[in-house]
Each structure stands twice: as structure tokens, then as C-alpha cells.
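> Quick check, what structure comes out for this input:
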Amino acid sequence: MNGRVGGKLAGCLVGMSMLSVIGAAEAQSPTTQGHVNDNDPANWEIVSVDDDLRFIPTTRPQQPVAQHPPIATTQNSDTGKPPQLWQRFTDDWNGLRPRLDDKGIAVAASLAGYVGTNLIGGAQTDAGGCAYLLNLNLTLDSKKLVGLEGGSMFVNLRNQDGLSHSMDGSFGATSSLYIPGRTEVSECWFEQKFLNDQVRIKAGKIDVNTEFDTVENGGEFLNDFGALNSTILAFPTDPDSSIGVNAFVYPNEHFYAGAGIYDGSLQDGVNTGSVGPHSLWNSRSAFWIGEIGDKWDGKASGREGRVALGVWHHTGSFEQFDGGHRNSVTGPYIALDQCLWRKYPEKDGDKQGIAMFFSAGYASPHISSATVQAGGGLKWTGAIAGREDDVLGLGASCIRLSHDTSAGLSDHSEFTIETFYKIRINPWFSIEPDLQYIHNPDGVSSRDDALMATIQMLIDF
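Sure, this is the predicted structure:
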């Protein structure tokens, strides 16, 4: 990374955080005795996201969330509040956003910035890089717009650029933001719910990892093990979502089952995220995936959780390490989210506590460099007194690499440990220092272990 560019970007991050901290400190001045400070978030009513809050913050900037706009309330209006207490950097546009919410129109945007350097070992010691990702999206609620119950449409435009992922030389990506420049409509789909929300069908351009093989408690981790499994080959996900359709059924409040079929052109060398539906018409393959799961709400203790089992199948042609070909490949996966302890289980919407996640998957050792990946971690929201929205995380992942002699790997495993502390300066701005240690990067025994230090910032507009 060019030193001047990196220095300027790092300086901007530090400067923004200092200004935000100063603003927050000014806003927290003592209130007049006998009166409630309406600008203090501690005095705001905690309400259900689906009922009142129009702003749904995302933990994974590369995967924006459809907003499903509710009726505007005093709780989700920024008018009259100081800037450091706005839900977004551009506030509520003098009340226009809540009025749009009432009509079923939600507009959102986010900018993620990333500065990183490889401190030791790896492929390029002392090398650095920077990246950014801008998401602009629109959610339309069909009930409020045209009276169609249970329907919604979501469109997301993204622009990103960053140095290619090569500094540490690891197999698992230390950040999904390290992608060369792309501007694309990453998602464009319509979803309809039926039978009192017991059936849900979505069709269009979809990031499949938002529907399948998800671990919500891994969202703040920068390494890919907190988001997806490397053993799912030609997976139509960030940055290459794909045209397809999926359906889920929810026979009761606990069990669910879902399946989907998507354009498999990614395996044919097509960057499906950057193209429209024409790749589907010319596609020679398809990506199939199915998942069943069970959820538990833990109402008394607040220890909600979910376990999912899935299987994927790609009908494309895959080259084997020995030079042969295989016409289709299949693999299983498992995903688990579990809240271990909730500080205030009686308060709906309060996330302070400790949660964990785990995921694992398998792929053929004759085709995939990563044959088994298992990863998991812990996150503690509100670990420091007075910092209720900050998140502390610690996780690890082990990738078992192919033993096929034709794969050319000198070692057969890669192990990663990651820790971070996400500082939420205010509702619309956060900074996340992150440290990752990679043992046997990319299964190359002659390559020293790598240590990646990074800072990610996220602004919601």
C-alpha cells in the first residue's frame, strides 16, 4: 500500500473517531434536575425492530439487510436530536425518512473502510493494503405501497475496491473487502410470504449466504470463517451473488426447511455479481442447496439459539488435481448460533451478553484445496461497563487442506486465531481494531506464520 494513501486514510479514521467521541461527550452533559434527558439513549424506550425501529444496523457490511419499513414513531425519528445521536450520519432528512417509511419505502446506505498490514511472516511481510465498500439500497413494502400482504422488494447497488488478498498468503480471506474494483447491482429480488408467514419464496438476484449457511454471531469477525465456509465450492455469494429462487417453510415457531436453485455460471468463469440474468440463459450448470434447522427462543433466560444442517450440489464441471474432471460435486455443512448469557434477559432488544457460533463443512480432497473447515468464536456485547454497544470477539478456524499429491501443498492445514474490539462511537459510526494470527498460511511449510493487524470502520448513512 502506498504509505501516503494509507496514512491519509488512517488519519481520517482517527480524526472521525475523535470528533465523534467529543460530540458524544458534549451530548452527555447532566440534565436539569427533575427532568428526563430525551437525548440520552438510556432513556429511550426499547421496542421491537419489526414494530417500530426503522433502522436495522448490519454486522456484516458486505451483506446489507432489507429494512422492511415500519410506521414512523418518535423513537425512530432523528429530528431535534444532536448529530451524535442520529441513527444515521445523514439523520432522518428533516422527517422525510419516517414519512417514506409510512409509505413503505426505506432508503439506506453504508460505507466500510479497511486499513491493514501484515506485521510478520506470510507472503509479504510489512506489506499493507486498504479497501472500501459502499452499499446503497432500497426496500419496498408491498403492503404499504399497493396493499399486497407479505411482499417486499430489495435492490442493492455496491461499489468497492481494494488490493487483492495476498499479503499474508492465507487460504482463508482475512477480509472480504479485499476485492479489486467493482460496481454492480449485487442484489435485486422480490420476496412473498404466504399462509401467515409459514411459507416464504424469494426470486431474483440473491446473495445465497444471506439465506443458507449463515452464522449471525460471527458477523463482526473480519475473517471469512465468521461468515461462510470455504468448502462450499462456487458459492454464489459476496461479491458474486446469482440469479435464482429459494423457498422456506416454517411449520411451527421452531423448525424450518429451505431449498434453492441458482445460476451456476460462477464455476464457468462468469463473475455473476457483475452481470444480469443473461448468464442464467447461457448457463451450463446450476447450484443447488438445501437446509433444515431448529430454533429456540430461550424466553426465560434470553439464551436463544439455532442449529442448521445443509447440503449443496453443483452440476458444473470441476477439474481434479490429477488432471481429470468431475461432472458435479456435493458437500455438507453445519451451522450453530447460541447465546450463552444475557445480562438483561427481561429486556427485549437488549443484546448485552455472551454469544457463540460454530460452523463446519466438507469438500472433495480431489477437487478442493480446503477439504474440511471448522471454525467458531465468542462475542461479548457490553464487556466494558458503560460501553453497552461495544463488542469483544475471539475466534479460531482450522482448514484441513487436501492430501492429494497432485494438489502441490507442502503442508495440510492452516490455523487462524482472530480477536477484535468493535467500538461503537455512536449509532452510525463504529471502529473495529482487529488482529489475526495465521499458522501455516496456505499450507506452505516454508512460509512463516503471519500476523495481520487491521482497522475497519463502518458508517451508516
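
> longest single strand anywhere in the protein?
Ranked by residue count, the top strand of the chain under DSSP state E comes out as strand 325-342.

> Give the pairing partners of that one; include direction for each.
Applying DSSP bridges, strand 325-342 is found paired with strand 305-319 (antiparallel), strand 353-362 (antiparallel).

> Buried deepest among these, which one?
Comparing these by mean neighbour count (mean count of other C-beta atoms under 10 Å), strand 353-362 ranks first with a mean of 21. All C-beta atoms are positioned from the backbone trio N, CA, C, and that covers glycine.

> who touches that strand?
By C-beta atoms under 8 Å, 6 or more residues apart in numbering, the residues outside strand 353-362 that reach it are 213, 215-218, 225-226, 229-232, 302, 331-343, 371-382.

> now the strands: where do they sit in the stretch 101-250 of the chain?
For the stretch 101-250 of the chain, the strands defined by DSSP state E, counting those that start in this stretch occupy 105-120, 128-141, 151-162, 182-194, 199-206, 242-249.

> What strands flank the fourth one, and is each parallel or antiparallel?
The strands beside strand 182-194 in its sheet (DSSP bridges) come out as strand 151-162 (antiparallel), strand 199-206 (antiparallel).

> Turn the ones you listed into TSV, columns for mean neighbour count, distance to His403 and mean pLDDT.
Listed next are the strands paired with strand 182-194 as TSV, based on neighbours: other C-beta atoms under 10 Å; distance: least, C-beta to C-beta, whole Å; pLDDT from 0 to 100:
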stretch	mean neighbour count	distance to His403	mean pLDDT
strand 151-162	20	33	93
strand 199-206	19	35	97
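
> JSON lines please, covering the ones you listed and showing distance to Gln456.
Converted to JSON lines, these look like this (distance: least, C-beta to C-beta, whole Å):
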{"stretch": "strand 151-162", "distance to Gln456": "12"}
{"stretch": "strand 199-206", "distance to Gln456": "25"}
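
> Nearest spatial neighbour of Ser301, chain-adjacent residues omitted?
Excluding its sequence neighbours, the residue lying closest to Ser301 (C-beta to C-beta, 6 or more residues apart in numbering) is Pro345, at 5.5 Å.

> Tell me the spacing between the one you found and Glu291.
28 Å (C-beta to C-beta, to the nearest Å).

> Dump the strands of the stretch 101-250 of the chain to a markdown table, plus distance to Gly386.
Converted to a markdown table, these look like this (distance: least, C-beta to C-beta, whole Å):
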| stretch | distance to Gly386 |
| --- | --- |
| strand 105-120 | 26 |
| strand 128-141 | 31 |
| strand 151-162 | 34 |
| strand 182-194 | 37 |
| strand 199-206 | 40 |
| strand 242-249 | 40 |
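
> how about those, which one is nearest Gln267?
Ranking the strands of the stretch 101-250 of the chain by proximity to Gln267 (C-beta to C-beta) places strand 242-249 first, at 10.7 Å.

> Identify each buried residue in stretch 246-260, please.
Applying a neighbour-count criterion of 16 or more other C-beta atoms under 10 Å, one finds 246, 248, 250, 256, 258-260 buried in stretch 246-260.

> just stretch 371-386 next, same as before
By neighbour count on 16+ other C-beta under 10 Å, the buried set for stretch 371-386 is 371-377, 379-383.

> quick one: which two of those are the most distant?
Across the buried residues of stretch 371-386, the two members that end up farthest from each other (C-beta to C-beta) are Thr371 and Gly382, 38.4 Å apart.

> Which residue ranges of the stretch 301-450 of the chain form strands?
305-319, 325-342, 353-362, 370-381, 391-401, 413-426, 429-439, 450-460.

> Could you dump those into CSV and include distance to Val146?
CSV is the format used below for the strands of the stretch 301-450 of the chain (distance: least, C-beta to C-beta, whole Å):
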stretch, distance to Val146
strand 305-319, 33
strand 325-342, 35
strand 353-362, 38
strand 370-381, 39
strand 391-401, 39
strand 413-426, 36
strand 429-439, 36
strand 450-460, 28
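
> Glu149: which of those strands is closest?
Nearest to Glu149, of the strands of the stretch 301-450 of the chain and by C-beta to C-beta, is strand 305-319 at 26.4 Å.

> From the chain's centre, how far out is the closest one? Work that out for me.
For strand 305-319, the separation from the chain centroid amounts to 19 Å (computed by C-alpha atoms, centre = their mean, to the nearest Å).

> List just the one of the strands of the stretch 101-250 of the chain that sits closest to Asp78.
Asp78 lies closest to strand 105-120 among the strands of the stretch 101-250 of the chain, at 13.9 Å (C-beta to C-beta).

> Which other helices and strands does the closest one contact?
Secondary-structure packing of strand 105-120 (3 or more C-beta pairs under 8 Å, 6 or more residues apart in numbering; DSSP states H and E): helix 3-27, helix 96-102, strand 128-141, strand 450-460.
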